[in-house]
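**Q** Build me a structure from this.
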Amino acid sequence: MSTNNLNRTSNIIQFNRTANAIDLNKLPNIVETPNVNLEVLSKKIKPKARKKVCINELGHKLHTSQKKDKLINSAIISSIFLTVCLIGFVAANIWKKKAIKKKKKTGIGMVAVKNSGHYGLSGYYAEQAVKKNLIAMIYTNAPPAVAPHGALKSLFGTNPICFGTPTGSKIPFILDTSISVINRGKIRVAARNNQKIPEGVALDKFGKPTTDAKKALKGVQLPIAGFRGSGLAWMVDILSGVLTGGNHAGRVKDPFDDFSGPQNIGHLFITFKANLFQKNYNQRIKDNIKTIKKLPKIKGVKEIMYPGQNKFNRYKHNLKKEINIPDLIKKDLEALIS
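**A** Okay, here's the model as predicted:
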């Protein structure tokens, strides 16, 4: 399969048209102060069926014709952007840049997104901030997959938590992890390939432990660290759902099964200057990493690596060799192209 075909295919995704929009023309003049009282008039737009769209084309339209498409509007309050968006990859990329730009005035940029969809890897957006010598914290909720501690029914999504910071070297510190023991995508792949999943990651619909991927998809996934992981999932649901105005408490729609309307996923992006409090931050983070790496290692461990380091090494290694695409994925890509 040619690289052009793969690139073309990777730009095709499913999305929902927006359900809500904010008309900024009806807002009073906005002053950057935490005490501003804004009355935002929301205009209801009837949801339409999902369509296939080219990300690059839509991204261009969002930048050049906001009034025409009415996809994104924002109100600036202090260092916070309240936004209304609809498509994860495009919305996240645009508003992550806004958060980075906003920090120039206040040292901190904060962006809330609602009416969005799946936006891919959180770590990608954190890397963009780290390249600007910023620290990033990113949260997003997802369709129900994980049961709250003590519950039999799934409600929380895998709800990724992402943290990124400069390290004073070419390799950034990027922690990008879901609160589930295993991400849902791996279970879906295992189900399609009739493969088993590890023990201790999921329960079937009757609440019994299972290694059957198909039964796991109909049951619930388990959070990391028991009730602590459940608490983290709840925290992310509040930050990315309740706070932003997105769906929460199990109301995020599953893009594979529910086409009744927008997913309305919420994202929260926070960026701030790494040297906001300590001017010699880069030197301090170098010392932090160096100290931890010098610790005695257990047998078989060559190096103590920080989050993001192993991924960076794999990336460099993969640039020098061909990457084999599984036949099943290749067939899916070819079907999309044709």
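**Q** in which helix or strand would I find Lys186?
**A** helix 184-192 (DSSP states H and E).
**Q** so after that helix, what's the next helix or strand?
**A** strand 202-203.
**Q** contacts for that following strand?
**A** Residues outside strand 202-203 that contact it (Cβ atoms under 8 Å, 6 or more residues apart in numbering) are Ala147, Val181, Ile182, Ile187, Pro209, Thr210, Lys215, Ala216, Gly219, Val220, Gln221, Leu222. Every C-beta, even on glycine, is put in place using the N, C-alpha and C of the backbone.
**Q** ditto for stretch 231-242
**A** Stretch 231-242 is contacted from outside by 139-141, 146, 148-149, 156-157, 159-161, 179, 223-224, 246-249, 252, 265-268, using Cβ under 8 Å, 6+ apart.
**Q** Distance across it, terminal residue to terminal residue?
**A** Terminal residues of stretch 231-242 lie 15 Å apart, using Cα to Cα, to the nearest Å.
**Q** Quick check, Leu276 in contact with Gly109.
**A** No: counting by Cβ atoms under 8 Å, Leu276 stays clear of Gly109, with 11.6 Å between them.
**Q** Can you pick out the residue with more neighbours from those two?
**A** More crowded of Leu276 and Gly109, by other Cβ atoms under 10 Å: Gly109, with 27 against 14.
**Q** Roughly how far does the more buried one sit from Ala136?
**A** According to Cβ to Cβ, to the nearest Å, Gly109 and Ala136 sit 10 Å apart.
**Q** intersection of neighbour lists for the two?
**A** Between them, Gly109 and Ala136 share the contacting residues Phe269, Ile270, Thr271, judged by Cβ under 8 Å, 6+ apart.
**Q** Restricted to strands, list the contacts of stretch 231-242.
**A** Judged by DSSP state E, the subset of those located in strands is Tyr139, Thr140, Ile161, Ile265, Gly266, His267, Leu268.
**Q** Got phi/psi on the closest residue to the fourth one other than its chain neighbours?
**A** This points to Ile265. Distance criterion Cβ to Cβ, 6 or more residues apart in numbering; nearest residue to Ile265, sequence neighbours excluded, is Ser116 at 4.8 Å. Backbone torsions for Ser116, taken as degrees, to the nearest 10, come to phi -100, psi -170.
**Q** Likewise for Ala249?
**A** Per degrees, to the nearest 10, the backbone of Ala249 is at phi 50, psi 40.
**Q** Check it and give its pLDDT.
**A** Looking at Ala249, its pLDDT reads 93.
**Q** How about the contacts made by it?
**A** Leu155, Asp237, Gly241.
**Q** Show me how to select, in ChimeraX, the buried members of the contacts of stretch 231-242.
**A** Remark: buried members of the contacts of stretch 231-242, expressed as a ChimeraX selection using 16 or more other Cβ atoms under 10 Å:
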select :139,140,141,146,148,156,157,159,160,161,179,223,224,246,247,248,252,265,266,267,268
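**Q** circling back: would you turn the shared contacts of Gly109 and Ala136 into TSV with neighbour count?
**A** Conversion of the shared contacts of Gly109 and Ala136 to TSV gives the following (neighbours: other Cβ atoms under 10 Å):
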residue	neighbour count
Phe269	29
Ile270	22
Thr271	30
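**Q** Could I get the contacting residues of Glu199?
**A** Glu199 touches Pro209, Thr211, counting by Cβ under 8 Å, 6+ apart.
**Q** May I ask which helix or strand of the protein has the lowest mean pLDDT?
**A** strand 12-15 (a mean of 29; mean pLDDT, DSSP states H and E).
**Q** rewinding a little: looking at the contacts of Ala249, which are in helices?
**A** Filtering those for membership in helices, criterion DSSP state H, returns Asp237.
**Q** Now do the strands in the protein.
**A** All strands of the chain, identified by DSSP E, fall at 12-15, 20-22, 42-44, 51-54, 73-77, 80-84, 108-116, 134-140, 161-165, 173-177, 202-203, 220-221, 265-273.
**Q** low pLDDT regions in the protein?
**A** Judged by pLDDT under 70, the chain has its weakly predicted residues at 1-105.
**Q** let's see it at 80
**A** 1-106, 256-258, 261, 322-326, 328-329, 338 (pLDDT under 80).
**Q** Distance check, the closest residue to Pro143 other than its chain neighbours against Glu127.
**A** Closest residue to Pro143 apart from its sequence neighbours, by Cβ to Cβ, 6+ apart: Asp254 at 4.2 Å. Distance, Asp254 to Glu127, by Cβ to Cβ: 28 Å.
**Q** of these two, who's got more company?
**A** Glu127 (18 against 14).
**Q** Tell me the spacing between that one and Gly245.
**A** Going from Glu127 to Gly245 by Cβ to Cβ gives 27 Å.
**Q** Over to Tyr281?
**A** For Tyr281 relative to Gly245 (Cβ to Cβ), the value is 33 Å.
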